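# All I have is the shape, not the residue letters:
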């Protein structure tokens, strides 16, 4: 068995997903060659999933690939960038043909879903992990950052917070295949996070700041507060949390890959209309105030929420 | 200790290397925002180093970072792309402040050396590895590929083949720090591969095909032959190999990160002049013929050379 045979297996599964708009040269050379549209900026984010840490050991390769792409594409959604190109670096101790084919199928499925091209990557022998770098484009000057939340803005979230994390408490997460995932299930949210990319692109017109909720809502709202030098005042009762978790636990659970964003109150109706158009649930959960940090309350009563996911 | 404190430590070490030409927004948001010059294409390559596989366990973080960047920048050199932006994904089981500072210092040193910006990345807990994605630019349509070698072209290599691999046989490779590396030593070539980026950019004018020699000269020449659908006829006696290895071993040793390229015979003098200008040793080692594969000889006598580094 050679690395190159297995790369061929993966690239064969990719099929047309190894190319797309702007791909001058895809996998197979020292590097990919890509076109960025005139007057656009390139938006780039890198993320890694490690076996046994970011997904259960021994999981299905198709699902691992799909989750790895989803986690990274979610960062582009938070920037309002249209996703275009992806590189995938796979570490694995062994690489059987069947595993490689499943992995390629997972990449291809997600690539079709989000209309991105898998333009390159590499395979290295070692503990299993998937390092993904995603590339999107935005008209110059229009990307959404964390740093621009303004006083009196409303704070919004998409989806249901904590939903994906429930899957971690359910047995058999590592035994599932793609066909076992039921629409709306927490396992679906975990393995196949929805990536609000089209919604994110539309949000550019209205939102002032955005972030993707990967480390837990509480932790990620704190990043917006710090970057924008404002306080985010959040009413826990208004946060759409999973019914299977306490609200306090849901807002520190990771793995949601939903968006949190801020927008002027005058944009409320437009945002609700966008949400309907893109079939993305949105909920206002608080307000941007002077000050710093995140001020949590239950109605009028202030409460303490500890931070979210700690990587170390 | 938090991931974010350690990221801050690394970004602090980066200093001005976290920004540069074309960087609209560097580390700290969901993604970086980058500008590509008009009428240029983006050239992207991803590579991963895994502890104990691609460098000795317990090595100095500054050297690990420098090697990781060098290995990836070498791919851009082989495309003739001017390197611009880098993302770095670090996996590590523990992350002490001192280690993070050394790692950041290594990134910053190489970034200054090659005038690239470290624009983002992430840190994940797990077996130590460094996944790097590099981004360069070329005027549209000018990138060097593997696929364009033409009959009668000369085949060239830069540097001394097999030199870096000697370091693997010397004791104490993992105990070295940057200040221990002597100029011209194999340890220097191993930890701090020279990356022929400026030379690669100049080569665009003359070369027909290029590749970086990461898996061993024999294996990488075979890639040019396959992609170009030509035979490369190479005289082993003309290959500039390390005096400490047999020529047969040197041409299958990995870790050189030199360039192999093809160019019309008429470009011989121009290439030699470029080599002098960039202080890059170059040597013609053979010719492009009809046929396929790599035909090795010693003078007139045909010989067999087995392939290079196998990843699995």
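Now that the structure is in, tell me what you want to look at. The structure presented is a predicted model; accordingly, all values stated were derived computationally and were not measured.
# Least confident secondary structure element in chain A?
Among the helical and strand segments of chain A, the one scoring lowest on mean pLDDT, DSSP states H and E is helix A:3-14, with a mean of 86.
# list the buried ones in it?
A:3-4, A:6-7, A:9-11, A:13-14 (16 or more other Cβ atoms under 10 Å in any protein chain shown). For the C-beta atoms, the positions are set from N, CA and C on the backbone; glycine is no exception.
# where does chain A have low pLDDT?
A:1-3, A:307-312 (pLDDT under 70).
# how does it divide into domains?
A:3-139, A:154-303 (automatic domain parsing).
# Between the two ends of the longest one, what distance do you get?
By that I understand domain A:154-303. 20 Å (Cα to Cα, to the nearest Å).
# correct me, but residue A:127 touches residue B:50?
Yes: under the criterion of Cβ atoms under 8 Å, residue A:127 makes contact with residue B:50 at 7.4 Å.
# Need the overlap of contacts for those two.
A:91, B:127, B:129 (Cβ atoms under 8 Å, 6 or more residues apart in numbering or on different chains).
# Among those residues, which ones are in strands?
A:91, B:129 (DSSP state E).
# so can I have JSON lines of the shared contacts of residue A:127 and residue B:50 showing neighbour count?
Output for the shared contacts of residue A:127 and residue B:50, formatted as JSON lines (neighbours: other Cβ atoms under 10 Å in any protein chain shown):
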{"residue": "A:91", "neighbour count": "25"}
{"residue": "B:127", "neighbour count": "20"}
{"residue": "B:129", "neighbour count": "29"}
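# With respect to residue B:84, which of the shared contacts of residue A:127 and residue B:50 is nearest?
Nearest to residue B:84, judged by Cβ to Cβ, of the shared contacts of residue A:127 and residue B:50 is residue B:129 at 23.8 Å.
# Now do the contacts for the closest one.
A:91, A:124, A:126-127, A:129, A:131, B:48-51, B:90-91 are the contacts of residue B:129 under Cβ under 8 Å, 6+ apart.
# Can you tell me how far residue A:23 is from chain B?
10 Å (Cβ to the nearest Cβ, to the nearest Å).
# In this structure that residue contacts residue A:17, no?
No: with contact defined as Cβ under 8 Å, residue A:23 does not count as touching residue A:17 (10.3 Å).
# ranges for the helices of the stretch 151-300 of chain A?
Applying DSSP state H, counting those that start in this stretch to the stretch 151-300 of chain A gives helices spanning A:163-166, A:186-191, A:197-203, A:217-228, A:247-250, A:268-278.
# quick one, which of those is nearest to chain B?
helix A:217-228 (7.4 Å; Cβ to the nearest Cβ).
# That closest one and chain B in contact?
Yes: against chain B, helix A:217-228 shows contacts by Cβ under 8 Å from any Cβ of the partner chain at residue A:227.
# contact partners of that helix?
By Cβ under 8 Å, 6+ apart, helix A:217-228 touches A:145-150, A:155, A:157, A:161, A:209, A:211-214, A:231-232, A:234, A:239, A:250-252, A:256, A:260, A:262, A:288, A:292-294, A:296, A:305-309, B:28-29.
# now that helix and helix B:3-14, what's the angle there?
Relative orientation of helix A:217-228 versus helix B:3-14 (axes from the mean of the first three to the mean of the last three Cα atoms, to 10 degrees): 30 degrees.
# now helix A:217-228: how far from the chain's centre is it?
The chain centre lies 16 Å from the centre of helix A:217-228; the measure is Cα atoms, centre = their mean, to the nearest Å.
# returning to that earlier point: would you reformat the helices of the stretch 151-300 of chain A as a markdown table and include mean neighbour count?
What follows is the helices of the stretch 151-300 of chain A, written out as a markdown table (neighbours: other Cβ under 10 Å):
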| stretch | mean neighbour count |
| --- | --- |
| helix A:163-166 | 24 |
| helix A:186-191 | 23 |
| helix A:197-203 | 24 |
| helix A:217-228 | 23 |
| helix A:247-250 | 19 |
| helix A:268-278 | 15 |
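# want to throw those helices into a markdown table with distance to residue B:85?
Listed next are the helices of the stretch 151-300 of chain A as a markdown table, based on distance: least, Cβ to Cβ, whole Å:
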| stretch | distance to residue B:85 |
| --- | --- |
| helix A:163-166 | 31 |
| helix A:186-191 | 31 |
| helix A:197-203 | 22 |
| helix A:217-228 | 21 |
| helix A:247-250 | 37 |
| helix A:268-278 | 31 |
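# nearest to residue A:108, of those helices?
helix A:186-191 (15.6 Å).
# Packing partners of the closest one?
Helices and strands touching helix A:186-191, by 3 or more Cβ pairs under 8 Å, 6 or more residues apart in numbering or on different chains; DSSP states H and E, are helix A:61-79, helix A:163-166.
# just these: most buried one?
Highest mean neighbour count of those: helix A:61-79, a mean of 28 (counted as mean count of other Cβ atoms under 10 Å in any protein chain shown).
# so residue A:38 touches residue B:37, yeah?
No: using Cβ under 8 Å, residue A:38 is not in contact with residue B:37, being 10.9 Å away.
# For these two, indicate the residue with more neighbours.
The neighbour count for residue A:38 versus residue B:37, taken as other Cβ atoms under 10 Å in any protein chain shown, is higher for residue B:37 (14 against 9).
# And for that one, nearest residue in space, chain neighbours not counted?
Nearest non-adjacent residue to residue B:37, counting by Cβ to Cβ, 6 or more residues apart in numbering or on different chains: residue B:137, 6.0 Å away.
# do residue A:197 as well
Per Cβ to Cβ, 6+ apart, closest to residue A:197 is residue A:77, 4.5 Å.
# residues contacting the one you found?
With Cβ under 8 Å, 6+ apart, residue A:77 has these contacts: A:195-197, A:199-200, A:212, A:259.
# mind redoing it with 6 Å?
Residues near residue A:77 by Cβ atoms under 6 Å, 6 or more residues apart in numbering or on different chains: A:195-197, A:200.
# Ok, residue A:161 next?
A:217, A:239, A:241, A:250, A:256.
# Next: residue A:267.
Counted by Cβ under 6 Å, 6+ apart, residue A:267 has contacts residue A:206.
# what about 10 Å?
A:153-154, A:156, A:203, A:205-208, A:274 (Cβ atoms under 10 Å, 6 or more residues apart in numbering or on different chains).
# ok so, going back, let's have the shared contacts of residue A:127 and residue B:50 in a markdown table, adding distance to residue B:171.
Shown next, in a markdown table, are these (distance: Cβ to Cβ, whole Å):
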| residue | distance to residue B:171 |
| --- | --- |
| A:91 | 27 |
| B:127 | 24 |
| B:129 | 24 |
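# related to what we said a few turns ago, which stretch among the domains of chain A comes nearest residue B:279?
Once those are compared by Cβ to Cβ, domain A:3-139 is nearest, at 22.6 Å.
# What is the nearest of the buried residues of helix A:3-14 to chain B?
Of all those, residue A:3 has the smallest distance to chain B: 3.6 Å, by Cβ to the nearest Cβ.
# thinking again about what came up before, how about TSV for the helices and strands packed on helix A:186-191, with distance to residue B:105 added?
Putting the helices and strands packed on helix A:186-191 into TSV (distance: least, Cβ to Cβ, whole Å) gives the following:
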stretch	distance to residue B:105
helix A:61-79	27
helix A:163-166	37
